[in-house]
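Requesting a structural model of the entry that follows:
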Amino acid sequence: MLTVEQAAARLGVHVSTIRKRVRERSLPHQRVGRSIRIKAADLDRPEAPKRAYRCLKLTG
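Numbering: from 1, shown residues only. So this is what the prediction gives:
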């Protein structure tokens, strides 16, 4: 079971993206008290949020 921060790091997305998917109930999760826990296997599903692009650093 992963925390929201760990799930975000694993997928390469922002923590708010994971929290949004939890709020929308499109990402399976469990609540332990006030904490949110996500199964690692659920992140490997095709519907899991993934980084869509990379930010490029431009030098002038």
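
Poorly predicted segments of the chain, please.
Low-confidence segments of the chain, defined by pLDDT under 70: 46-60.

What segments of it are strands?
30-32, 35-37 (DSSP state E).

so how far is residue 28 from residue 10?
Residue 10 is 15 Å from residue 28, where distance means CB to CB, to the nearest Å. The way it works is simple: take the backbone N, C-alpha and C, and place the C-beta from them, glycine included.

now for the strands of the chain, which one comes closest to residue 44?
Of all the strands of the chain, strand 35-37 sits nearest to residue 44, with 16.0 Å by CB to CB.

For that closest one, which strands pair with it and how are they oriented?
The strands beside strand 35-37 in its sheet (DSSP bridges) come out as strand 30-32 (antiparallel).

Let me see the contact set for residue 40.
By CB atoms under 8 Å, 6 or more residues apart in numbering, residue 40 lies in contact with 1, 2, 10.

Let me know the closest of those residues to residue 35.
For those, the nearest to residue 35 is residue 1 (9.7 Å; CB to CB).

wait, that closest one sits on residue 35?
No: using CB atoms under 8 Å, residue 1 makes no contact with residue 35, being 9.7 Å away.

Report the buried residues of stretch 37-46.
For stretch 37-46, a neighbour-count test (16 or more other CB atoms under 10 Å) marks 38, 43 as buried.

And that stretch, how far out from the chain middle?
Distance, stretch centre to chain centre, for stretch 37-46: 9 Å (CA atoms, centre = their mean, to the nearest Å).

Next: stretch 1-20.
The answer for stretch 1-20 is 3 Å, by CA atoms, centre = their mean.
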